[in-house]
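A.B. asks: Sharing a sequence plus its predicted fold:
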Amino acid sequence: MTMTELSYALDTLFILLSAALVMWMAAGFSMLEAGLVRTKNTTEILVKNILLYALACLCYFFIGYRLMYGETTISDYSPSAYLFFQMVFVATAMSIVSGAVAERMKLSMFLVFTLIMTSVIYPLVGSWTWGGGFLSEMGFVDFAGSGVVHMTGAAAALAGVMILGPRKGKYGHSGAIYPIPGANMPLATLGTLILWFGWLGFNGGSLLSIHTVENANAVANIFLNTNLSAAAGAVSAFAITRLIWRKADLTMILNGVLAGLVAITAEPAAATATSSVLIGTGAGALVVASIVLLDRLKIDDPVGAISVHGVAGLYGLICAVLTSVSASISVQLLGAAIIFLWVFSSSLLVWWFLARAFGIRLSMEHEYIGADISECGVEAYPEFVASKSR
């Protein structure tokens with residue numbers, strides 16, 4: 001085997017293993033969301049996550065990839081490996097939407113939006129950036145997708161939440177906010193840890209090469225920085241909640257982890273270990289403030305997805321200016337604005353049309369009994385529910 005053949009094989013294997021880690025993040029999103037919704041909506045949120053992943057793969061294969069990259073010629077590693085790697089990224093973006101609209105949306109309408117999001121809305125963002133489009137030519141920096149993936153998913157989610165409205169009983173007429181706690185904190189914690197693990201492939205694999213000493217060191221640095229940012233995000237969120245509410249709020253800590261991961265994703269290769277800790281610390285504090293603010297604005301996001309992926313995603317794009325010599329604040333802000341405006345406006349139009357033409361929200365009765373029964377006909381915890389109803 002020649003050196004060229006060996007490097008081709010090594011890089012292909014590296015991309016495939018990284019893609020498998022990113023695919024495993026689908027399990028993380030599933031468990032996180034299943035833990036943060038009520039028992040009566042657990043089966044339905046799992047159905048959404050399985051089907052969105054399957055639909056995202058098919059739509060991206062048939063339409064999205066060509067729209068994003070056109071006719072590409074790849075010779076350094078397997079083209080199929082690269083396609084698979086990009087395919088699992090689009091599924092991640094769609095998973096963000098799933099949690100934000102949980103517990104009150106019709107399953108069929110969510111799946112229709114999935115088709116449009118993964119076929120057109122996300123691939124166009126990708127074509128402008130990673131596909132060598134105008135944002136890339138301007139010098140926009142987003143190494144692994146703080147904006148391309150995470151802010152895109154959050155913008156689509158925000159549009160859906162605004163059209164959908166809050167869950168029944170979440171907000172009172174006098175401005176009161178009533179917490180609706182998730183049903184299973186162990187599942188939510190497991191989901192977060194799976195996402196933390198899978199994120200190493202998300203960021204590390206984005207280098208697309210490991211066969212040289214320089215690239216091997218770069219991948220190791222990305223792994224280290226990604227992990228440190230997540231850890232700092234967790235500690236920061238814990239410190240804020242402890243300071244303000246005198247409690248160790250687990251959901252805020254979990255979202256602090258995810259915010260740290262999202263923020264470092266914009267530029268994990270150029271950052272130092274120390275700067276990664278600082279970025280994660282800021283993300284953990286920012287996500288707590290954002291979740292509280294959105295709740296006061298009556299934007300009902302059951303899992304905090306808009307804050308974690310949108311606000312922390314924008315923060316990560318800005319932080320890239322501090323770590324990458326090729327990033328400028330003006331281009332980063334302009335790129336973030338273009339991505340947000342395109343995704344939010346196009347998603348808002350799609351959600352509005354679906355709402356007017358078909359209705360996207362569950363009826364009051366179906367929302368009350370839960371989407372597990374009304375949408376799926378299967379309860380996640382039948383014995384538990386039955387025992388409580390006696």
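C.D. replies: Cool, got the structure. All figures in this text were calculated on a predicted structure; none of them were measured in a lab. Residues are numbered from 1 along each chain as shown.

A.B. asks: Please identify the helix or strand for the residue nearest in space to the middle of the chain.
C.D. replies: Residue closest to the average C-alpha location in the chain (CA atoms, centre = their mean): I96, at 4.2 Å. When elements are assigned from DSSP states H and E, I96 belongs to helix 79-100.

A.B. asks: hang on, the earlier thing: once you drop chain neighbours, what's closest to the residue nearest to the centre of the chain?
C.D. replies: G153 (3.0 Å; CB to CB, 6 or more residues apart in numbering). C-beta here means a position set from N, CA and C on the backbone, and glycine is covered the same way.

A.B. asks: From the contact counts, what lies against the helix or strand containing the one you found?
C.D. replies: Using DSSP H and E, G153 sits in helix 152-164. Applying 3 or more CB pairs under 8 Å, 6 or more residues apart in numbering; DSSP states H and E, we find helix 152-164 packed against helix 79-100, helix 305, helix 329-357.

A.B. asks: Let me know which of those is the nearest to M23.
C.D. replies: Closest to M23 of those is helix 79-100 (CB to CB; 4.7 Å).

A.B. asks: what's the average pLDDT for the closest one?
C.D. replies: Averaging pLDDT along helix 79-100 gives 97.

A.B. asks: List the buried residues in the helix or strand just after that helix.
C.D. replies: As assigned by DSSP H and E, the chain's next helix or strand after helix 79-100 is helix 107-116. For helix 107-116, burial by neighbour count (16 or more other CB atoms under 10 Å) applies to L107, M109, F110, V112, F113, T114, L115, I116.

A.B. asks: What is the burial count for the residue nearest to the third one when sequence neighbours are not counted?
C.D. replies: Translated: F110. Computed as CB to CB, 6+ apart, the closest residue to F110 that is not its neighbour in sequence is K48, at 6.0 Å. K48: 29 surrounding residues under other CB atoms under 10 Å.

A.B. asks: got the contact list for K48?
C.D. replies: K48 makes contacts with S98, L107, F110, L111, as judged by CB atoms under 8 Å, 6 or more residues apart in numbering.

A.B. asks: Which of those sits closest to T272?
C.D. replies: Distances from T272 to the contacts of K48, taken by CB to CB, are shortest for S98, at 34.5 Å.

A.B. asks: Just the element for the closest residue in space to the closest one that isn't next to it in sequence, please.
C.D. replies: Distance criterion CB to CB, 6+ apart; nearest residue to S98, sequence neighbours excluded, is K48 at 5.0 Å. Under the criterion of DSSP H and E, K48 resides in helix 42-59.
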